[in-house]
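# Next input, structure requested:
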Amino acid sequence: MDNKDIERSIIKKYRKLIWRRFVRGVEEYKLISDGDKIAVCISGGKDSFLLAKCMQELKKHGKINFDIEFIVMNPGYKEKNLNKIMDNSKILNIPIKIFNSDIFEVVNKISKDKPCYMCARMRRGYLYNKAKELGCNKIALGHHYDDVIETILLSMIYGAEIKTMMPKLHSTNFPGMELIRPLYLVKEEDIISWSKYNKLEFINCACSFTEKTKTTEDISKRLEMKKLISHFRNINKNIDQNIFKSVENINLDAVIGYKDDNGKYNFLDNYDKKD
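Next comes the predicted model:
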């Protein structure tokens, strides 16, 4: 398929599953405003390339007046992977700007036990820097609905807390910058379906470290959550939505404690005052 067919597939064939959910996420969480200049961060995978196409379509057909830069950070990809990213950008008609970093090399030296965590943190800093250099006030990442619900379970099971991946965040290290996740309500299975329908092939992580080790603790835990959710689906077809809604419907009168920027709270703090 050519680029026009790919664009039409988002608006027509996948209108309900992808386009409407993308637009609803943008509107519901107020991710984009008039005057924004957004750096869409493309890793080379299916999620970030779909995000780039959705952002293009929103700029062309939406009511919000905003600008876009499509940035690709090369953290040390092998030549074949970098070429694949450039080929896909041409197929999809996305005018990418590539800049280099030495993240893979550094992570391999200083964080062999948790490379994915360290890589993600370092990538974020490089992406914010590049976005700021280009005059952007926001960066957009391709995290989707499944990333959100997996994060909820990961936090509960391994982090002993209830939290999730937020649809947008103010940067703590880059004043005036925001991170947004426009695919927040789009399911991974539909992104995969869109990719296959258009006969598109994308790179995965392409990290030199995980290519050698095949897996890491970070990756295996998230894969574990995928399998756990898949098992739950056999028991309850609404499990995805229920996990997602659980962080929208927290009842503070029915939890032992919670915390915010001002401190930690225990249900005993106000227990006797309710009589």
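# use CA for all of it now, contacts and neighbours both
Fine.
# so who does the closest residue to L252 other than its chain neighbours touch?
Sequence neighbours aside, Y258 is the residue nearest to L252 in space, at 7.8 Å (criterion: Cα to Cα, 6 or more residues apart in numbering). If a contact means Cα atoms under 8 Å, 6 or more residues apart in numbering, then Y258 has 252, 264-266 as its contacts.
# CA atoms of the helix or strand hosting Y258 as CSV?
When secondary structure is defined using DSSP states H and E, the element that contains Y258 is strand 257-260. Taking C-alpha atoms only, strand 257-260 is exported to CSV below (Å, rounded to 0.1, in the frame of the first residue of the first chain):
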residue,chain,number,x,y,z
GLY,A,257,-3.5,4.9,53.3
TYR,A,258,-2.4,7.1,50.4
LYS,A,259,0.2,9.7,49.6
ASP,A,260,0.6,12.9,47.6
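# Tell me the helices and strands packed up against the very next helix or strand once past it.
Remark: after strand 257-260, the chain's next helix or strand is strand 263-266, criterion DSSP H and E. In terms of contacts (3 or more Cα pairs under 8 Å, 6 or more residues apart in numbering; DSSP states H and E), strand 263-266 is packed against strand 257-260.
# follow-up on the earlier one: which residues pair with the residue nearest to L252 across the strands?
For Y258, the beta-bridge partners under DSSP bridges are Y265.
# and of the contacts of Y258, the nearest to I18?
Distance to I18 across the contacts of Y258 (Cα to Cα) is lowest for L252, with 33.5 Å.
# how about that closest one, phi and psi?
Dihedral pair for L252: phi -70, psi -20, per degrees, to the nearest 10.
# That one and V72, how far apart?
Per Cα to Cα, to the nearest Å, L252 is found 42 Å from V72.
# So these two - more neighbours on which side?
Using other Cα atoms under 10 Å as the criterion, L252 and V72 rank with V72 on top: 22 against 10.
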